[in-house]
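In: From the sequence below, what's the structure:
(2 chains, ligands or ions: 1)
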Amino acid sequence: MAETKERKLPPPAISEETQAYWDAAGKGKLLVRKCTSCGQAHHYPRTICPFCFSDKTEWVEASGKGTIYSYSVMRRAPVPYAIGYVTLAEGPRMLTNIVDCDLDKLKCDQPVTVVFKPTDGGPPLPMFTPA
Amino acid sequence: MSIKGKAYIAGIFEHPTRLAKDISLAQIHAQCAKGALEDAGLTKDDVDGYFCAGDAPGLGPMSMVEYMGLKVRHVDSTDTGGSSYVLHVGHAAEAIAAGKCKVALITLAGRPRAEGMATGTVPRSRGGTPTPDDPFEFPYGPTVVNMYANCAMRHMYEFGTTSEQLAWIKVAASHHAQYNPHALLKDVVTVEEVVNSPMISDPLHRLDCCVITDGGGAIVVVAPEIAAKLKRPKVKLLGSSEFIKTQMGGKVDLTYSGARFTGAAAFAEAGVKPSDMKYASIYDSFTITVLMQLEDLGFCEKGKGGAFVADGNLISGVGKLPFNTDGGGLCSNHPANRGGLTKVLEAVRQLRGEAHPKVQVKNCDLAIAHGTGGSLGLRHGSATVILERE
Ligand SMILES: [Zn+2]
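Out: Numbers count the residues shown, from 1 in each chain, chains lettered A, B, ... in the order given. Okay, the predicted model is just below:
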């Protein structure tokens, strides 16, 4: 339970392109980038859609709900942590940590919900916890 | 234009060291180059094409061409991680077929042990301008081992693959490594020993991982008219292919690798099929890497890799598909944390009939070498070559 409290998280190296994503994270909101030409959301966010190459993309707020696609508990670390992909309700799968839970009881396809965890001097990181 | 029959592997060398405390990085590159050229019966003045990747010092070809005193008219420093050197064999053949060079030298070297590099269990630090993916990945702690472990976890979930099945891959490699005097790990291990070794990142145990070694190797690829004049057995390139597999904008699928595409393309170019292969060099950073590539290359159905590798099927003289008969990255050598070059070397030894007698495949006339570089669970480069003994 104390896992994320003890684990120091490095801040993301923010580029101009994704500043808004991190500003939103600071307010506890998870954004995804959606293309208005093909209608698909993608991750990580880009201004030009990686599916149809349209530049008509916009930020939309995600529901924060998803399921674990895959994960691994990194045992060989000062503080063990779970790293994996979560399939967002909006479609894209994002790399993240699964936190605030018993790491030995995680399962693929398990429902999760977003939480935000502070970094060392940067905006918080969206992570997920069992729903 | 096809590269089929347009180039031959004439010289190979694998550095015997596994811990290079007293030699420099450039020195290892040059020692390997010298070894491979001598093996071919060529000199450095015959070399007119040079290939290297991110393990080379400085700006790669600029630094190494000068250090070795080469005069070349074609260079290529494409870096797809550990698969680079398999890809370089294909690129060398393309350059030779296009008349851009006749004697292509490929080198690899590294000293991760001597330099005390934290290799597989620490997130790789970012230098310079971060890659676009970096802010969305690095803070979460991806390491080499935990992202390959993500692939293994999903494979187990979807297909019922077991730790015992994965362990058979290490067991097979260890059976081969016992005959390699240079192998870092020479002891034969059992399935029980693999699954009872410490968990590094679920579901991968310590013995599911490759070794960390210093060293290097080199390959000389030549035009047919050069190969015809040399005394060594002739190893002809029949097909090659490369692919970059990504997260596809968030449509992540960890159940397959780029080998799905490179295998199909290389076999098509060669005009042969997986079941024709007498020997397979398969990139083995982890046991799961081997299992997924075997499926993707078409040696068995997707999801059936666990059953395919079990019960010694990869052990030379025992199973149907002898693999990594030098002990591979899992037991022998993974120089510079890049295992592609040594995959080509053992395939050439098998085709020449120069593998250790205990692991030499009888009448070995067709072989495949396949590499995966980068991270199987994040993004990776795949490269395949099909080789024939002429
Ligand atoms: Zn689009």
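
In: if I pick the residue in chain B positioned nearest to the ion, what's in contact with it?
Out: For chain B, the residue closest to the ion is B:Gly249, as judged by CB to the ion, at 9.0 Å. Just so you know, the C-beta spots here come from the backbone N, C-alpha and C atoms, and that holds for glycine as well. Applying CB atoms under 8 Å, 6 or more residues apart in numbering or on different chains to B:Gly249 gives the contacts A:Gln40, A:His42, A:His43, A:Cys49, A:Pro50, A:Phe51, A:Pro92.

In: Would you mind giving the secondary structure of it?
Out: helix (DSSP: H, G, I helix; E, B strand; the rest coil).

In: repeat for B:Ala26
Out: helix.

In: Isn't it up against B:Pro57?
Out: Yes - counting by CB atoms under 8 Å, B:Ala26 touches B:Pro57, with 5.5 Å between them.

In: Walking through chain B, point out its helices one by one.
Out: Using DSSP state H, the helices of chain B run over B:25-40, B:61-68, B:84-97, B:144-159, B:163-177, B:191-195, B:224-227, B:259-270, B:287-297, B:305-309, B:340-352.

In: Mean pLDDT added to those helices, as JSON lines?
Out: Formatted as JSON lines, the helices of chain B follow (pLDDT from 0 to 100):
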{"stretch": "helix B:25-40", "mean pLDDT": "98"}
{"stretch": "helix B:61-68", "mean pLDDT": "98"}
{"stretch": "helix B:84-97", "mean pLDDT": "98"}
{"stretch": "helix B:144-159", "mean pLDDT": "98"}
{"stretch": "helix B:163-177", "mean pLDDT": "98"}
{"stretch": "helix B:191-195", "mean pLDDT": "98"}
{"stretch": "helix B:224-227", "mean pLDDT": "98"}
{"stretch": "helix B:259-270", "mean pLDDT": "98"}
{"stretch": "helix B:287-297", "mean pLDDT": "98"}
{"stretch": "helix B:305-309", "mean pLDDT": "98"}
{"stretch": "helix B:340-352", "mean pLDDT": "98"}
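
In: Of the ones you listed, which is nearest chain A?
Out: Among those, the nearest to chain A by CB to the nearest CB is helix B:144-159 (3.6 Å).

In: Which neighbouring elements make contact with that closest one?
Out: Here helix B:144-159 touches strand A:65-74, strand A:81-88, strand B:199-201, strand B:204-205, helix B:287-297, helix B:305-309, going by 3 or more CB pairs under 8 Å, 6 or more residues apart in numbering or on different chains; DSSP states H and E.

In: Can I get that helix in PDB, CA atoms only?
Out: Output of helix B:144-159 as PDB, limited to C-alpha atoms (Å, rounded to 0.1, in the frame of the first residue of the first chain):
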ATOM      1  CA  VAL B 144      14.500  -4.200 -20.600                       C
ATOM      2  CA  VAL B 145      13.300  -7.100 -18.400                       C
ATOM      3  CA  ASN B 146       9.900  -5.800 -17.200                       C
ATOM      4  CA  MET B 147       8.800  -4.900 -20.700                       C
ATOM      5  CA  TYR B 148       9.700  -8.300 -22.100                       C
ATOM      6  CA  ALA B 149       7.900  -9.700 -19.000                       C
ATOM      7  CA  ASN B 150       4.800  -7.800 -20.100                       C
ATOM      8  CA  CYS B 151       4.800  -9.800 -23.400                       C
ATOM      9  CA  ALA B 152       5.300 -13.000 -21.400                       C
ATOM     10  CA  MET B 153       2.400 -12.200 -19.000                       C
ATOM     11  CA  ARG B 154       0.000 -11.500 -21.900                       C
ATOM     12  CA  HIS B 155       1.100 -14.600 -23.800                       C
ATOM     13  CA  MET B 156       0.400 -16.700 -20.700                       C
ATOM     14  CA  TYR B 157      -3.000 -15.100 -20.200                       C
ATOM     15  CA  GLU B 158      -4.100 -15.500 -23.900                       C
ATOM     16  CA  PHE B 159      -2.500 -18.800 -24.800                       C
END
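
In: Chain neighbours aside, what residue packs nearest to B:His356?
Out: Excluding the flanking residues, the one nearest B:His356 by CB to CB, 6 or more residues apart in numbering or on different chains is B:Tyr179, at 4.3 Å.

In: pLDDT below threshold where in chain A?
Out: Low-confidence segments of chain A (pLDDT under 70): A:1-5.

In: the longest helix in it is where?
Out: Max-length helix for chain A by DSSP H is helix A:19-26.

In: so how far is it from its chain's centroid?
Out: 12 Å (CA atoms, centre = their mean, to the nearest Å).

In: Select, out of the helices and strands packed on helix B:144-159, the one closest to B:Leu330.
Out: helix B:287-297 (7.2 Å; CB to CB).

In: between that closest one and helix B:163-177, what angle do the directions make?
Out: 90 degrees (axes from the mean of the first three to the mean of the last three CA atoms, to 10 degrees).

In: Help me confirm that B:Tyr157 comes into contact with A:Cys108.
Out: Yes - between B:Tyr157 and A:Cys108 there is a contact under CB under 8 Å: 4.1 Å.

In: Mutual contacts of these two, please.
Out: A:Ser70.

In: What residues does chain A have near the ion?
Out: For chain A, the residues in contact with the ion (CB under 5 Å from the ion) are A:Cys35, A:Ser37, A:Cys38, A:Cys49, A:Phe51, A:Cys52, A:Ser54.

In: Can you select the buried ones from those residues in ChimeraX?
Out: To isolate the buried members of these in ChimeraX, using 16 or more other CB atoms under 10 Å in any protein chain shown:
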select /A:35,49,51
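
In: Close to chain B as well: tell me which of the residues of chain A next to the ion qualify.
Out: A:Cys49, A:Phe51 (CB under 8 Å from any CB of the partner chain).

In: Pipe the residues of chain A next to the ion into CSV and attach secondary structure per row.
Out: Shown next, in CSV, are those (three-state DSSP):
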residue, secondary structure
A:Cys35, strand
A:Ser37, coil
A:Cys38, coil
A:Cys49, coil
A:Phe51, coil
A:Cys52, coil
A:Ser54, coil
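
In: Which of the residues of chain A next to the ion sits closest to B:Pro322?
Out: Comparing the residues of chain A next to the ion against B:Pro322 with CB to CB places A:Phe51 closest, at 42.1 Å.

In: what ranges of the stretch 101-250 of chain B fall below the confidence cut-off?
Out: B:125-127.

In: Could you tell me how far the residue in it positioned nearest to chain A is located from B:Glu269?
Out: Nearest to chain A, among the residues of the stretch 101-250 of chain B, is B:Gly250, at 2.8 Å (CB to the nearest CB). In this view, B:Gly250 and B:Glu269 are 32 Å apart by CB to CB, to the nearest Å.

In: more crowded one of the two?
Out: B:Gly250 (24 against 20; other CB atoms under 10 Å in any protein chain shown).

In: The more buried one against A:His42, yeah?
Out: Yes - shown here, B:Gly250 and A:His42 form a contact pair, counting by CB under 8 Å, at 4.9 Å.

In: residues near B:Glu390, how many?
Out: 13.

In: Alongside chain A, which residues does the stretch 201-350 of chain B contribute?
Out: Counting by CB under 8 Å from any CB, the stretch 201-350 of chain B sits next to chain A at B:Ser201, B:Asp202, B:Pro203, B:Leu204, B:Gln247, B:Met248, B:Gly249, B:Gly250, B:Lys251, B:Val252, B:Leu254.

In: Which of the residues you listed has the largest number of neighbours?
Out: B:Ser201 (31 neighbours).

In: and it, what does it touch?
Out: Here B:Ser201 is in contact with A:Ser72, A:Val73, A:Met74, A:Arg75, A:Arg76, B:Thr121, B:Thr143, B:Val145, B:Asn146, B:Ala149 (criterion: CB under 8 Å, 6+ apart).
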